[in-house]
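Chemist: sequence isn't available, so here's the structure alone:
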């Protein structure tokens, strides 16, 4: 019996589509039937993660759990969350569901650690920075995590929300400048630690693939490996 | 309570990703939460539809029904099938499930009829042609359906299976030639009546949007309209 991978998406929908595309691109398949079985929940009414963690907004946890349970009922054997900030609730969700979950943070940090660089830039949401999801994991491996300064981080957030509003070009121009600023601060490679950012920097990532550790790609690769061993 | 649209996909995965992208692109949304709630089944082990209808292959109906039931259990209120050929089983599936289904064939023929043209070309699988899913619906509206000649149709099929195998450029070159052949036979506009074909002809569709009636886009527009009225 083939296993099915469930994706808790919708945070946002463009990032979910990007994850699906990467499953297709990373799977060597000669026909439909050789692709990885996926169930995808892209129900986007989950409350904003950064607003919940930093501005007293409604918690996304109840709806995330509800949609994970929907994926379980539909037949998922393993769950991925297509949002970095949402990984703040990863352990609590894992405790409440019956299905194996793979962590995007772990998969991404493992790829960063496998590079031979020490100084890792981090492009992510305010809440992912504030909760130190990446910094602690990188420092535990002896790596140096470089984050944007305050003004630059405001531009990173603006870019992410522009992409969520469908303004791709404006988002890209803003994010490219913050990437350059991080290189100026000494970053040798850069974690794209918000699933909107690989969508925003898609072209630059194609041109300079070795500069980036893409959290969506890292989790997709980990999931394909899990599927092959399951 | 917001409604959720379920997509029976995986036939193939690239066509499913294209449908998700079109939901995002066609929905004016300023933030994640304003997008359409979607549940997507991209479990691609459903037997090949053309092989079942024309070459004595295994029927895809049992697995299509199973995955529709999975979408229902996960919370879908309306089901779309992201494959034209699979619509041969549309009525039988509709009878066996409890959820409203929207037909890709109906949505596409309605868009073709709304154009002011009489001579409609059809690019689709051998099985979609043989079962006359489109020809009968077009002729019932007094429209003339122009299909490729035998040699050209073989190239259409080759192109579709190249895309399913990830060979996008080879697929595109083949399909562009068959599109020109249909224009040579008098087609004024052309139905992309296999969900792989809008992926194959993506660039040409961007350059010449009025030449095409894209079955994926037509069904997405019908589904967004259903969602707004639900």
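Modeler: Nice, thanks for sending it over. No experiment lies behind these values; they were computed from the predicted model shown.
Chemist: surely residue A:220 is in contact with residue A:22?
Modeler: Yes: applying C-beta atoms under 8 Å as the test, residue A:220 and residue A:22 come out as touching, 4.4 Å apart. Quick note: C-beta positions are derived from backbone N, CA and C, even for glycine.
Chemist: which of those two has more neighbours?
Modeler: Taking neighbours as other C-beta atoms under 10 Å in any protein chain shown, residue A:220 and residue A:22 compare with residue A:220 leading, 29 against 21.
Chemist: in a strand, that one, correct?
Modeler: No: the assignment for residue A:220, made by DSSP: H, G, I helix; E, B strand; the rest coil, is helix rather than a strand.
Chemist: can you classify residue A:41 by secondary structure?
Modeler: Residue A:41 ends up strand, using three-state DSSP.
Chemist: quick check: closest non-adjacent residue to it.
Modeler: In space, and not counting its chain neighbours, residue A:41 is closest to residue A:67: 4.5 Å by C-beta to C-beta, 6 or more residues apart in numbering or on different chains.
Chemist: equivalent analysis for residue A:230, please.
Modeler: Nearest to residue A:230 is residue A:3, by C-beta to C-beta, 6+ apart, at 4.4 Å.
Chemist: buried residues, the longest helix that chain A contains. List them.
Modeler: When chain A is parsed with DSSP state H, its longest helix is helix A:168-184. Going by neighbour count (16 or more other C-beta atoms under 10 Å in any protein chain shown), the buried part of helix A:168-184 is A:171, A:172, A:174, A:175, A:178, A:179, A:181, A:182.
Chemist: check stretch A:124-143 too.
Modeler: A:124-129, A:131, A:133-135, A:137-138, A:143.
Chemist: swap in stretch A:83-91?
Modeler: A:83, A:84, A:85, A:86, A:87, A:88, A:89, A:90.
Chemist: straight-line length of that stretch, end to end?
Modeler: 14 Å (C-alpha to C-alpha, to the nearest Å).
Chemist: any idea how far that stretch is from the middle of the chain?
Modeler: 9 Å (C-alpha atoms, centre = their mean, to the nearest Å).
Chemist: residue contacts, the residue nearest to residue A:39 when sequence neighbours are not counted?
Modeler: Nearest residue to residue A:39 in three dimensions, chain neighbours excluded: residue A:6, at 4.6 Å (C-beta to C-beta, 6+ apart). For residue A:6, the contacting residues are A:38-41, A:68, A:71-72, A:74, A:76-80, A:99, by C-beta atoms under 8 Å, 6 or more residues apart in numbering or on different chains.
Chemist: show me which of those residues are buried.
Modeler: By 16+ other C-beta under 10 Å, the contacts of residue A:6 give A:38-41, A:68, A:71-72, A:74, A:76-80 as buried.
Chemist: from these, pick the one nearest residue B:205.
Modeler: For the buried ones among the contacts of residue A:6, the residue nearest residue B:205 by C-beta to C-beta is residue A:40; the value is 24.5 Å.
Chemist: touching, that closest one and residue A:4? I think so.
Modeler: No: judged on C-beta under 8 Å, residue A:40 makes no contact with residue A:4 at a distance of 10.7 Å.
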